[in-house]
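**Q** Below is the sequence, then the predicted model.
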Amino acid sequence: MKNMKNDKGTISVSMVEEALALARSRGLDALPLAEAAGIAAPMLASPKSRVSSAQYGALWAAIARALDDEFFGQDSHRMKSGSFIAMTQTALTARNGAQALARAVGFMRLVLDDLGVQIETDTRADTRADTQHVRLRFVENPNAPPPAMFAYATYFILVYGLLCWLVGRRIPLLEARFRCAEPPAAHEYRLMFCDHMSFGQAESYVDLAAAFLDLPVVQTTKSVKPFLRDAPGSFIVKYRNPGSLAARVRKMLRALPMAGWPAADQMAERLHVAEATMRRRLKQEGYTYQSIKDDLRRDIAIGELQDTNRTIADIATSVGFAEPSAFHRAFRKWTGMRPTDYRPARADFTRRTESD
């Protein structure tokens, strides 16, 4: 099942554009930054285009370096390059999840002026264990412009991604509310956070399941180096919401060779629900069974295209197409582009990352 190894998920080009818009607003020439991350101009021009987690992570790091600001200029105080490394080292010696969270939030309070978090813990004895939560309530500077969704997400992913890594598991998200208007990439943010996410609210907060508080920190100085190599850009995909039915379907498909992907009725049987129930619940989440299969094929194909030693025909076969022409048609439908459009900028990027 070689083709499944590259299924690390992809990210909408709309998220790329949000990051590049911040770079442009601070005087940077955005296109060379994108191209250096392996994101070619035609990909930016196609609204349906997707980028790999490696590409997005490289872009994230490049913008942070160019601005000398790991918060992308979204706060009146710069989060200078190296801050995330320092925050990681500060939290690494924590005893458990509760202490690690306190240290991470405390560190962010030191480096940002306009956006912070207040930790509110609800673990009362009369509360059911499955509803106990830790609320990360955002505290905003009333004299600064109101944060956009990208600012909330940047703060959250830095703290949450670090915390998940420290305790060695994804911490379930229960609910997320934000004061900002619903962004164009709302669907992508729901993948990042959770299904129970709303905008235009009176306050901004994220509720985490409280069980992580007592979990020990399992990471060490030995495991920190490979972690920092890919973080924090890798968090966008690594700790995505796994609780939805669509995520369960995708996980089941990913564990099977494409030739063995079940029909809709067979998948419903595997999920122990009626086919009509599966279809209805997927529709509520914005999917169909076919769209999940198409998205998974697309993400695997994008991952495979990063290997410039593989031919398009070989990749077409690996993602279940008997003819390269059928793969070309499908790929254009998925992304608005040809498979070869994903390759020119990737060649230099691939060689560079392999030599790093």
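**A** Here it is on my side, so go on. Numbering: from 1, shown residues only.
**Q** Which of the helices or strands spans residue 117?
**A** Assigned by DSSP states H and E, residue 117 belongs to strand 115-122.
**Q** meant to ask about residue 104
**A** Under the assignment here (DSSP H and E), residue 104 is part of helix 97-111.
**Q** tell me the angle of that helix relative to strand 115-122?
**A** Relative orientation of helix 97-111 and strand 115-122, computed by axes from the mean of the first three to the mean of the last three C-alpha atoms, to 10 degrees: 160 degrees.
**Q** My read is that residue 177 contacts residue 203, right?
**A** Yes. Here residue 177 lies in contact with residue 203, judged by C-beta atoms under 8 Å, at a distance of 6.6 Å. The C-beta positions use only the backbone N, C-alpha and C, and glycine is treated the same way.
**Q** okay, those two: which has more neighbours?
**A** For residue 177 versus residue 203, the count of surrounding residues by other C-beta atoms under 10 Å is larger for residue 177: 18 against 11.
**Q** on that earlier part again, how far out from the middle of the chain is the helix holding residue 104?
**A** Here the centre of helix 97-111 is set off from its chain's centre by 21 Å, with C-alpha atoms, centre = their mean, to the nearest Å.
**Q** Tell me the buried residues in it?
**A** Along helix 97-111, these residues count as buried under the neighbour rule (16 or more other C-beta atoms under 10 Å): 97, 98, 100, 101, 103, 104, 105, 107, 108, 111.
**Q** Repeat that for stretch 205-215.
**A** Residues 205, 206, 207, 208, 209, 210, 211, 212, 213, 215 are the ones in stretch 205-215 that count as buried (16+ other C-beta under 10 Å).
**Q** Check which element follows the strand or helix carrying the fourth one along the chain.
**A** Residue 208 is part of strand 205-209, with elements assigned from DSSP H and E. Going down the chain from strand 205-209, the next helix or strand is helix 221-230, by DSSP H and E.
**Q** Against which helices or strands is that following helix packed?
**A** Helices and strands touching helix 221-230, as assessed by 3 or more C-beta pairs under 8 Å, 6 or more residues apart in numbering; DSSP states H and E, comprise helix 83-92.
**Q** and the helix it packs on, how far from the chain's centre?
**A** On the basis of C-alpha atoms, centre = their mean, the separation between the geometric centre of helix 83-92 and that of its chain is 20 Å.
**Q** That helix versus helix 97-111: what angle between them?
**A** Using the same axes, to 10 degrees, the direction of helix 83-92 lies 150 degrees away from that of helix 97-111.
**Q** Tell me what angle helix 83-92 forms with helix 221-230.
**A** Following the same axes, to 10 degrees, one obtains 150 degrees for the angle between helix 83-92 and helix 221-230.
**Q** Mind checking the pLDDT average for helix 83-92?
**A** In this model, helix 83-92 carries a mean pLDDT of 95.
**Q** Okay, buried residues for that helix please.
**A** Within helix 83-92, the residues scored as buried using 16+ other C-beta under 10 Å are 83, 84, 87, 88, 90, 91, 92.
**Q** same deal with stretch 163-179?
**A** In terms of neighbour count (16+ other C-beta under 10 Å), stretch 163-179 has its buried residues at 163-167, 170-179.
**Q** Stretch 283-295 now?
**A** 287, 289, 292, 293, 295.
**Q** And the furthest pair within the residues you listed?
**A** Pairwise distances among the buried residues of stretch 283-295 were taken by C-beta to C-beta; the largest, 10.9 Å, belongs to 289 and 295.
**Q** From residue 133, how far out is the closest residue to residue 78 other than its chain neighbours?
**A** Taking C-beta to C-beta, 6 or more residues apart in numbering, and ignoring the residues beside it in sequence, residue 78 has residue 69 as its nearest neighbour in space, at 4.3 Å. Note on residue 69: its distance to residue 133, by C-beta to C-beta, to the nearest Å, is 32 Å.
**Q** and residue 269, how many neighbours?
**A** The number of residues near residue 269, taken as other C-beta under 10 Å, comes to 14.
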